[in-house]
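Novice: Show me how the following folds:
(4 chains)
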There are 2 protein chains.
Amino acid sequence: MRSIGKQAELLKVIGHPVRLRILRELTKGVKCVSDLEEFLEISQPNISQHLALLRHHGLIDYYMDGRLRCYFLVDPIVPDLLDVLNRDYENPLPAPACCPVTKRGKYPGNRRH
Amino acid sequence: MRSIGKQAELLKVIGHPVRLRILRELTKGVKCVSDLEEFLEISQPNISQHLALLRHHGLIDYYMDGRLRCYFLVDPIVPDLLDVLNRDYENPLPAPACCPVTKRGKYPGNRRH
DNA sequence: TAATTATATTCAAATATTAGCATATTTTTA
DNA sequence: TAAAAATATGCTAATATTTGAATATAATTA
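Specialist: Modelled structure (predicted):
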């Protein structure tokens, strides 16, 4: 299992709107940079930077096809995380049972009982 | 479903080692700030800041128990995301079929066929 | 009511991230 | 071999995040 540090790093890398859109697109299949340019409204160098970041973190990789770099997903956690993000949650988590005991114990006084 | 922007924001908020540890702890049950102080090695003001950030993003909330603030999870996506992060993945995703066609089509030349 | 406990807020400094611009690299085509 | 196409890299300025330090607040107890 990933360490907490690695988990946080992973989330930070994915947690950018452009990178999220790139990853979503790659879950659909292989894309070259020009394909990505078509639907991301940002500059090509900027796209390349984001791709490099994702690649250096081991989330994606590419192969060459002529002069095209064809990027694809390699880390299997990515589609699973994206699936969770797409889920619709109707309700918040149930509120905890009234005043459960923390390590510090309970205090008298004006509690919300 | 959350917008891409909200999804990225959510991941960025969770994507910090201290906040991740706080959230993991809260999946186990309600904790007051002093409880959290015991196992996080950082200052109390810093913990409060992270708690405030998590709360302002709607991930957690608290109730008062005397002078204790008892924090708990409210966003149901959190335990699901943490579960995925804890999964063990044996293998990378299968490599894409050789040279799938991108929108730009294929190029002749020295491809890896 | 003064002291104590539990926790939050504010501000500033250090650091990290992001985007833009100019330019470089690589492969292919003419 | 020169030009074009596809993409990457390096640098910089703008912005955001993070932490620490000092202080504030709010509830409880003495």
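
Novice: residue closest to the middle of chain A?
Specialist: Geometric centre of chain A, nearest residue: residue A:14, 3.5 Å, by Cα atoms, centre = their mean.

Novice: Could you check which helix or strand contains the closest residue to that residue other than its chain neighbours?
Specialist: Distances taken as Cβ to Cβ, 6 or more residues apart in numbering or on different chains place residue B:11 nearest to residue A:14, at 5.4 Å, with adjacent residues excluded. For glycine as for every other residue, the C-beta is placed from the backbone atoms N, C-alpha and C. Here residue B:11 is covered by helix B:4-14, with elements defined by DSSP states H and E.

Novice: if we can go back for a sec, and the residue nearest to residue A:14, how many residues sit next to it?
Specialist: For residue B:11, the tally of surrounding residues (other Cβ atoms under 10 Å in any protein chain shown) stands at 21.

Novice: picking that back up, now do the same contact list for the residue nearest to the centre of chain A.
Specialist: Applying Cβ atoms under 8 Å, 6 or more residues apart in numbering or on different chains, we find residue A:14 in contact with A:20, A:23, A:59, A:78, A:81, B:8, B:11, B:15.

Novice: ditto for residue A:13
Specialist: A:19, A:53-54, A:57, A:59, B:15.

Novice: Please identify which of these is nearest to DNA strand C.
Specialist: Of all those, DNA strand C sits closest to residue A:53, with 6.7 Å by Cβ to the nearest atom of the strand.

Novice: Can you show me the helices along chain A?
Specialist: Taking DSSP state H, the helices of chain A run over residues A:4-14, A:17-28, A:33-39, A:44-56, A:77-86.

Novice: Is it possible to get JSON lines of the contacts of residue A:14 that adds distance to residue B:71 and pLDDT?
Specialist: As requested, the contacts of residue A:14 are arranged in JSON lines below (distance: Cβ to Cβ, whole Å; pLDDT from 0 to 100):
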{"residue": "A:20", "distance to residue B:71": "28", "pLDDT": "96"}
{"residue": "A:23", "distance to residue B:71": "31", "pLDDT": "96"}
{"residue": "A:59", "distance to residue B:71": "32", "pLDDT": "96"}
{"residue": "A:78", "distance to residue B:71": "30", "pLDDT": "97"}
{"residue": "A:81", "distance to residue B:71": "24", "pLDDT": "97"}
{"residue": "B:8", "distance to residue B:71": "24", "pLDDT": "95"}
{"residue": "B:11", "distance to residue B:71": "21", "pLDDT": "96"}
{"residue": "B:15", "distance to residue B:71": "19", "pLDDT": "94"}
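
Novice: from those, which single one is nearest residue B:74?
Specialist: Comparing the contacts of residue A:14 against residue B:74 with Cβ to Cβ places residue B:11 closest, at 17.5 Å.

Novice: For the closest one, which residues are in contact?
Specialist: In this structure, residue B:11 makes contact with A:11-12, A:14-15, A:20, A:85, judged by Cβ under 8 Å, 6+ apart.

Novice: change it to 10 Å
Specialist: Taking Cβ atoms under 10 Å, 6 or more residues apart in numbering or on different chains, we find residue B:11 in contact with A:10-16, A:19-20, A:81, A:85, B:81.

Novice: hmm, stretch A:18-38 touching DNA strand C?
Specialist: Yes: contact of stretch A:18-38 with DNA strand C (Cβ under 7 Å from any atom of the strand) involves residue A:18.
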